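**Student:** The following comprises the amino acid sequence and a computationally predicted model.
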Amino acid sequence: MGSRERPRALHPRGARRRGHCLRCKPRRLFRRLGQPRSHSEALGSSERPRASYLRGHGEAVNACAVSPDGRFIVSASGDNTLKLWDPAIGRELRTLQGHSNWVYGCAVSPDGRFIVSASGDNTLKLWDPASGRELRTLDGHSGGVSGCAVSPDGRFVVSASGDRTLKLWDAASGRELRTLEGHREGVHACAVSPDGSFVVSASADASLTIGTLKLWDLASVRSFSLSRA
């Protein structure tokens, strides 16, 4: 990807970095190349796996995700787009265009019916992977959106932003459900627990060298900080 610098949650408009490909290791491609057919075989083998390259983005690739059925890969890039790829043959399927700034994060719903993207243009977008059509825009953050996740039941989306907050959104309507406040610096990433009961967020709260994680209990909307002493 050219640059070793990790993209910041908030990136100045117009700034550019080098980076032109997504390095992935699709299982089906490994099989065609004669690689181990299972995790146990792979772990027991002394042979180094061969990598395949998916080329097409014009800027750094910031995030990627795989559909639940493994039939497509989605990538998020500094060229303001997302791309869908066929992991079986490494072919680009389509480009999702609509964001006006870097795309920092992406996720696929558990049923594979929609993709969510997080961008430096302060918005999230939901996409139909089958057609590439933009379904809706989630607009409410006052800073760039650096991460996103989908709940296990696919009913809500959570976003992490440089405005120091997280937001929960109704996936069906795009309506903002609530804002989670408590971080003192930008929030870089987020995830939802397998049972959907809590959200975890990552930030550089404490200092430049000591970050903070927060767990958010969605039933009571209380947060608990996890940081290095």
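**Tutor:** On my side now, so go ahead.
**Student:** going forward, measure contacts between C-alpha atoms and count neighbours the same way
**Tutor:** Fine.
**Student:** Could you chop the chain up by domain?
**Tutor:** For the chain, automatic domain parsing gives the domain ranges 21-55, 58-227.
**Student:** what's the closest residue to residue 121 other than its chain neighbours in contact with, if anything?
**Tutor:** Leaving aside its sequence neighbours, residue 121 sits nearest to residue 101 (Cα to Cα, 6 or more residues apart in numbering; 5.0 Å). By Cα atoms under 8 Å, 6 or more residues apart in numbering, the contact set of residue 101 is 13, 78, 79, 80, 119, 120, 121.
**Student:** now, which of those sits nearest residue 200?
**Tutor:** residue 119 (19.5 Å; Cα to Cα).
**Student:** The closest one reaches residue 98, doesn't it?
**Tutor:** No: with contact defined as Cα atoms under 8 Å, residue 119 and residue 98 do not form a contacting pair (10.2 Å).
**Student:** Looking at those two, which is more packed in?
**Tutor:** Neighbour count, other Cα atoms under 10 Å: between residue 119 and residue 98, residue 119 has more, with 31 against 13.
**Student:** Across the sheet, point out what pairs with the more buried one.
**Tutor:** residue 103 (DSSP bridges).
**Student:** ditto for residue 54
**Tutor:** residue 22.
**Student:** any idea how far residue 89 is from it?
**Tutor:** From residue 54 across to residue 89, the span is 10 Å (Cα to Cα, to the nearest Å).
**Student:** mind checking pLDDT for the residue lying closest to residue 150 once chain neighbours are set aside?
**Tutor:** Nearest residue to residue 150, sequence neighbours excluded (Cα to Cα, 6+ apart): residue 157, at 4.6 Å. On pLDDT, residue 157 comes in at 98.
**Student:** thinking again about what came up before, and for residue 119 and residue 98, which residues touch both?
**Tutor:** Counting by Cα under 8 Å, 6+ apart, the residues touching both residue 119 and residue 98 are residue 80.
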